[in-house]
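1. Here is a sequence together with a model predicted from it:
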Amino acid sequence: MARAATTTDAFNAVAEPRRRQILDALAGSDRGELAVNDLVIALGIAQPQVSKHLRVLREVGAVAVRDVGRQRLYRLNGVALKPIHDWVKRYERTWEDRFEQLDDVLAELQQETDRDRHPD
Amino acid sequence: MPVTTGTAKVTLPSDLQILITREFDAPRHLVYRAWTTPELVERWWAGHQGKLRSVDIDLRVGGRWRYVMDHAEGPEIAFHGVYRELVPGERIVNTEVFEMPGSGIGPEDDDNAALNIVTLVDVDGRTRLELMIETDTKELRDIILESGMEVGMQQQFDILDQLTVSLRDTDG
């Protein structure tokens, strides 16, 4: 039960566009981690808002933090995000199953069309 | 030779949306036909989740549709909705309601419907399909997304194996 709740929470956390921007910025950073100020610059929003979003992301485990001197550095925590990734992947698989069958139907329709155009 | 086609890609543009994209090796009018003709829908829509028992399509704006599926892992389930917009070869907009078993939602209930917007784009004779699913609440969006969980992974792999084998046989 606890796991399912975590999945939902992480899902909610990541659904927010600003928070997705933060995750994208962390994923794209050279060092793999960024300070709050880096994120303020990257997103162009005020520091309190960045901190607020980071707090939500930390609570669901989507980002991890470590202190280096007086700086707090944030990085992605892939393990927490994996259930969401799996969730979407599975939904994607369901549609791909349908579409593979649709491919077959389309191939057949196209053969019919070709036959009509070039009758033997 | 198996034709190379796209692989379905799912993204979540916002809390209330799911976007599914896929390319098909066929012109737009054929994709439209396969999407809107009952005998053809019957052959692909259920994917590997079951078998469609009935497909009703009243293809006009305001017309209703309803698909009933014998589910591989449980009771029969049904989906229905209303067509809102139909542009042959280009665009299909319809509502969709999942008649969840035990929920008391009947074939005529149109509350809590998702909106499905299918856009067909021509790419050099091929078709890029975009299916945008829009919901009024994030809760419904997540329920739809979770529906992919219904099918056991192992079962899917089994079917995939069979399919690969049969494709190989056809090639030979």
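-> The structure has been received and is ready for your questions. Numbering: from 1, shown residues only, chains lettered A, B, ... in the order given.
2. Please make it C-alpha for all contacts and neighbour counts, starting now.
-> OK.
3. Mind listing what's buried along stretch B:125-144?
-> B:126-135, B:138, B:140-142, B:144 (16 or more other CA atoms under 10 Å in any protein chain shown).
4. farthest-separated two in the residues you listed?
-> B:Arg126 and B:Lys138 (33.5 Å; CA to CA).
5. could you pull out the helices for chain A?
-> Here chain A has its helices, by DSSP state H, at A:2-15, A:17-28, A:36-43, A:47-59, A:78-117.
6. Give me the contacts around the third one.
-> Outside helix A:36-43, the residues within contact range by CA atoms under 8 Å, 6 or more residues apart in numbering or on different chains are A:Gln21, A:Ile22, A:Ala25, A:Ala46, A:Gln47, A:Val50, A:Ser51, A:Arg72, A:Leu73, A:Tyr74.
7. Name the nearest residue to the first one, sequence neighbours excluded.
-> Pointing back at A:Gln21 there. A:Leu43 (7.2 Å; CA to CA, 6 or more residues apart in numbering or on different chains).
8. what do you get for the fourth one?
-> With CA to CA, 6+ apart as the measure, A:Val40 is the residue that lies nearest to A:Ala46, at 6.2 Å, once sequence neighbours are left out.
9. Any idea how many residues pack against the one you found?
-> By other CA atoms under 10 Å in any protein chain shown, the residues close to A:Val40 number 17.
10. Just give the closest residue to B:Thr21, not the sequence neighbours.
-> Counting by CA to CA, 6+ apart, the residue nearest B:Thr21 is B:Glu130, at 4.6 Å.
11. Can you give the strand pairings for the one helix or strand B:Val10 maps to, parallel or anti for each?
-> If you go by DSSP states H and E, B:Val10 is part of strand B:9-11. Strand B:9-11 pairs in its sheet with strand B:17-24 (antiparallel), by DSSP bridges.
12. In the strand it pairs with, which residues are buried?
-> Those would be B:Gln17, B:Ile18, B:Leu19, B:Ile20, B:Thr21, B:Arg22, B:Glu23, B:Phe24, for strand B:17-24 by 16+ other CA under 10 Å.
13. which helices and strands sit right next to the following helix or strand past it?
-> Past strand B:17-24, further along toward the C-terminus, the next helix or strand under DSSP H and E is helix B:28-36. Counting contacts by 3 or more CA pairs under 8 Å, 6 or more residues apart in numbering or on different chains; DSSP states H and E, helix B:28-36 packs against helix A:78-117, helix B:38-44, strand B:114-123, strand B:126-134.
14. Chain A contacts on chain B?
-> Contact residues, chain B versus chain A (CA under 8 Å from any CA of the partner chain): B:7-12, B:14-15, B:20, B:24-26, B:30-31, B:34, B:40, B:43-48, B:145-149.
15. Derive a PyMOL selection command for the buried subset of those residues.
-> Here is the PyMOL selection string for the buried members of the residues of chain B next to chain A, based on 16+ other CA under 10 Å:
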select buried, chain B and resi 7+8+9+10+12+15+20+24+25+26+30+31+34+40+43+44+45+46+47+48+145+148+149
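16. Quick check, central residue of chain A?
-> Centroid-nearest residue in chain A, with CA atoms, centre = their mean: A:His85, separated by 6.5 Å.
17. Around chain B, pick out the residues from chain A.
-> A:15-17, A:87-103, A:105-107, A:109-110.
18. Perfect, that will be all.
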